[in-house]
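# Provide a 3D model corresponding to the input given below.
(one chain, ligands or ions: 1)
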Amino acid sequence: MATALPFEEYVKVDGWKFVPPEEYLKEHAKTLTPEFWLSEARKIDWYEDPTVALEGDHPFYRWFSNGKLNMSYLTLDRHMENRKHKVALFWLGEDGSERVLTYGQYHRLVNRLAYAFSTKWGIKKGDRVAIYMPMIPELPAVMLALARIGAIFSVVFSGFSANALAERIKDSGARYLITADGSYRRGKRISLQENVRRATQMAPVEGILVFERLKRVWIKTEGDILADEFLKEVPHSVYVEPVAVESHHPLFILYTSGTTGKPKGIIHDTGGYAVLLNSTMDWVFDAKEEDVYWCAADIGWITGHSYIVFGPFMKGLTSVMYEGVPNWPDPGIWWSIVERYGVSIFYTSPTAIRLLMRYGDEYVLKYDLSSLRILHSVGEPINPEAWWWYYKKVGRERCPVGSTWWMTETGGVMISHTPGWKLVPLKPGTNGYPIPGVSVSVLRPDGSEASEGERGYLVINSPWPGMPLSIWGDDERYLKTYWERFPQRFYTGDYAIRDGDSYVWVLGRADEVMNVAGHRLGTYEIESAIVEHEAVSEAAVVGIPDEVKGEVPVAFVVLKVGYEPSEELAKEIKNTVREILSPIAVPKDVVFVSKLPKTRSGKIMRRLLRAVFLGAPLGDVTTLEDEASVEEVKRAYEHLKGELG
Ligand code: WTA
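This next block holds a predicted model:
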């Protein structure tokens, strides 16, 4: 199937040197060896330098296997000579409170935490610890303190429910939980205590550490300890020797959604991941000593792990962190922050751009954004309209604007414009080229290369540093999910095309994974949450295009005998999803039907549900078991539309 590209013109930004595509591709071709990555590995500090690039049995590779390093050393100790008093973080609370932390201060806090973790709790190398914290300055410190002693942490997005947290604690076998009393959201104080209480009832831990952002909201119970108390007797000058871990020692586990089953615990190593981040900070972000860097993501997702915490801290950059949302108290808040701190590198999602675009230009034009020099987006395809707005109104036509493609599994950026390496002319909406050292292809279902402009599956052709070690506790699933669809290649689950210049355009997921406002959610997870409601017998969830969020979930629900559809019930079902999974997963609509369209082999035909909802042609329905079910879905949907008026 060929897909037309919404591409009109090349964009070259004044003051930036652009190279023709042929030059990029020629130089890029020289980087496609493991030895290239070994030379990149020499750019970071090791306790023991690696001499081996890549080894291991497919697909369980080990990068730089005889190297030893420590992430806490790389991000903090290394800076004590020259950057001790440099600002590491400007943190701004939604309530206007500000905190400024230098690298020296972070180093102290991390040492004190590492000391308390190992002496009070006996946490040691390889132990797992869960983290459930909002965007406060202590979050990076906790991650780095655990890395310092070789513990494996797993951050759970603080917008997730108690169930989701419990599931992750259990699956990872976390001994302890580190959390906070809450945070501000749109002017409200949101407490995390109830979620923590319920989660640890379902999945008990040995202890809970609580940082106070709100103060005086956490009610002390058995098994938890407030951070002030925890650190009270730890001297400020304490030093904990970083544990020199093997390159393939797991740094963290991060859970992400897949097509079926429960979320997968993606395990990232230390050495390969560190090298990928160090190199991409240079190539993609062109990070320089004097930059002020702001990645406006949440640390609960991979973007925040790699490009709020590890990448920028390794580079010794000054970063900005903001607690709140982009449109509260008004849609100018982000631009006021760029002006206030003189942000030069800015990284956000297309959803945020589309949201802010809707309020018109007044808010963005009000601020002096002349400090900006590089803009990127991540998480979903950026539509050309949003790209142009970002380029013109935010970047004022002075900044290269890119759309960096990558995933939780890849650890860092894989496809992007590379202003810090070789910059090819920009095309609004494209992802650009794979970064040095990474080779990708677009394949037809039979494994042959798709031709120019033909939609196919995006794969990564060979191992790269930053790739997963495995799925926690399930090597088999790792192999099956990523390496079997196309032998020897990493299957991303995305559709893409390459255009006449070989630029890559990632179009979106090819599987039942949704991308809601840049958040990755499995339809299966939402369906599982819905059927937890006592009235529900069966549910199918599909992603429907949405102007701002890219995609939103819509649920088709079959009720058990004895239950009648009602608005009240639809609300209850939405609430069930909110409670079991997360507010971000709540379906926009709940459509009641008496049966779901299925294939003869019993698979739900989500494609049909989506088509009905969108009023699009149904396409091939020959595999459908019962055509009446489609009519029924159509009627139910018409009825719902009528009700919604
Ligand atoms: C999508 C986020 C198009 C893609 C870092 C991928 C993108 C999923 C882009 C991973 C982009 C991410 N253009 N699509 N620039 N970036 N995606 O694991 O579908 O939360 O598979 O990692 O987001 O989401 P994840």
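# which one in the protein is furthest away from the centre?
Distance to the chain centre peaks in the chain at residue 562, reaching 41.7 Å (criterion: Cα atoms, centre = their mean).
# which bits of the chain sit near the ligand?
With Cβ under 6 Å from any ligand atom as the criterion, the chain meets the ligand at residues 256, 301-303, 378-381, 403-408, 431, 492-494, 506, 508-509, 515, 520. C-beta coordinates here come from the backbone N, C-alpha and C atoms, glycine included.
# Which of these fall in strands?
Counting by DSSP state E, the residues of the chain next to the ligand place 256, 378, 403-404, 492-494, 506, 508-509, 515, 520 in strands.
# Farthest-apart pair in those residues, please.
256 and 403 (19.9 Å; Cβ to Cβ).
# Would you mind telling me which of the two has the busier surroundings?
Higher neighbour count among residue 256 and residue 403: residue 403, with 28 against 18, using other Cβ atoms under 10 Å.
# quick one: the residue nearest to the more buried one when sequence neighbours are not counted from residue 413, how far?
Excluding the flanking residues, the one nearest residue 403 by Cβ to Cβ, 6 or more residues apart in numbering is residue 382, at 4.6 Å. Taking Cβ to Cβ, to the nearest Å as the measure, residue 382 and residue 413 are separated by 14 Å.
# Compare the two (neighbour count), which wins?
Taking other Cβ under 10 Å, residue 382 and residue 413 do not tie; residue 413 has more neighbours (30 against 26).
# what's near enough to touch that one?
280, 284, 378, 404-406, 435 (Cβ atoms under 8 Å, 6 or more residues apart in numbering).
# Recalculate using a threshold of 6 Å.
Listed by Cβ atoms under 6 Å, 6 or more residues apart in numbering, the contact set of residue 413 reads 280, 284, 404, 406.
# Would you convert the residues you listed into TSV that also reports pLDDT and neighbour count?
Below are the contacts of residue 413 laid out as TSV (pLDDT from 0 to 100; neighbours: other Cβ atoms under 10 Å):
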residue	pLDDT	neighbour count
280	98	28
284	98	28
404	98	24
406	98	27
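# Among those, which ones are in helices?
Among these, the members falling in helices (DSSP state H) are residue 280.
# Kindly confirm my reading that residue 184 forms part of a strand.
Yes: counting by DSSP: H, G, I helix; E, B strand; the rest coil, residue 184 is part of a strand.
# measure it to residue 157 for me?
Counting by Cβ to Cβ, the gap from residue 184 to residue 157 is 17 Å.
# secondary structure element for the residue farthest from the centre of the chain?
Counting by DSSP states H and E, there is no helix or strand that carries residue 562.
# Give me the pLDDT for it.
Looking at residue 562, its pLDDT reads 95.
# And for residue 215?
At residue 215, pLDDT is 93.
# Spatially, which residue comes closest to it, not counting chain neighbours?
Per Cβ to Cβ, 6+ apart, closest to residue 215 is residue 181, 7.3 Å.
# And residue 278, by the same measure?
Using Cβ to Cβ, 6+ apart, the closest residue to residue 278 is residue 44 (5.1 Å).
# Residue 307 now?
residue 295 (4.5 Å).
# quick one: that neighbour and residue 465, what's the gap?
According to Cβ to Cβ, residue 295 stands 20 Å off from residue 465.
# Can you pick out the residue with more neighbours from these two?
residue 465 (29 against 24).
# residues touching that one, list them.
Taking Cβ under 6 Å, 6+ apart as the test, what residue 465 contacts is 37, 63, 272, 275-276.
# And the pLDDT at it?
98.
# ok, for the closest residue to the ligand within the stretch 101-250 of the chain, nearest residue in space, not its chain neighbours?
Nearest residue of the stretch 101-250 of the chain to the ligand: residue 157, at 10.4 Å (Cβ to the nearest ligand atom). Setting aside the residues directly before and after it, residue 157 is nearest to residue 300 in space (Cβ to Cβ, 6+ apart), at 2.9 Å.
# Contacts only, for that neighbour.
Contacts for residue 300 (Cβ under 6 Å, 6+ apart) come out as 155, 157-158.
# Using CSV, lay out these together with pLDDT and distance to residue 252.
Formatted as CSV, the contacts of residue 300 follow (pLDDT from 0 to 100; distance: Cβ to Cβ, whole Å):
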residue, pLDDT, distance to residue 252
155, 98, 7
157, 96, 14
158, 96, 16
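# Among these, name the ones in strands.
residue 155.
# Let's have the contacts of residue 300 in TSV, adding distance to residue 233 and neighbour count.
As requested, the contacts of residue 300 are exported to TSV (distance: Cβ to Cβ, whole Å; neighbours: other Cβ atoms under 10 Å):
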residue	distance to residue 233	neighbour count
155	27	27
157	33	21
158	29	24
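# for the stretch 251-400 of the chain, what spans make up the strands?
Taking DSSP state E, counting those that start in this stretch, the strands of the stretch 251-400 of the chain run over residues 252-256, 264-268, 292-295, 318-322, 345-348, 374-378.
# Same list (those strands) but as JSON lines, adding mean pLDDT and distance to residue 108.
JSON lines is the format used below for the strands of the stretch 251-400 of the chain (pLDDT from 0 to 100; distance: least, Cβ to Cβ, whole Å):
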{"stretch": "strand 252-256", "mean pLDDT": "97", "distance to residue 108": "23"}
{"stretch": "strand 264-268", "mean pLDDT": "97", "distance to residue 108": "27"}
{"stretch": "strand 292-295", "mean pLDDT": "98", "distance to residue 108": "22"}
{"stretch": "strand 318-322", "mean pLDDT": "98", "distance to residue 108": "18"}
{"stretch": "strand 345-348", "mean pLDDT": "98", "distance to residue 108": "27"}
{"stretch": "strand 374-378", "mean pLDDT": "98", "distance to residue 108": "31"}
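# would you list the ones you listed in a markdown table and tack on distance to residue 130?
As requested, the strands of the stretch 251-400 of the chain are exported to a markdown table (distance: least, Cβ to Cβ, whole Å):
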| stretch | distance to residue 130 |
| --- | --- |
| strand 252-256 | 9 |
| strand 264-268 | 11 |
| strand 292-295 | 23 |
| strand 318-322 | 21 |
| strand 345-348 | 26 |
| strand 374-378 | 25 |
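# Which one of those lies nearest to residue 356?
Using Cβ to Cβ, the nearest of the strands of the stretch 251-400 of the chain to residue 356 is strand 345-348, at 9.1 Å.
# Give the buried residues for stretch 55-63.
59, 61-63 (16 or more other Cβ atoms under 10 Å).
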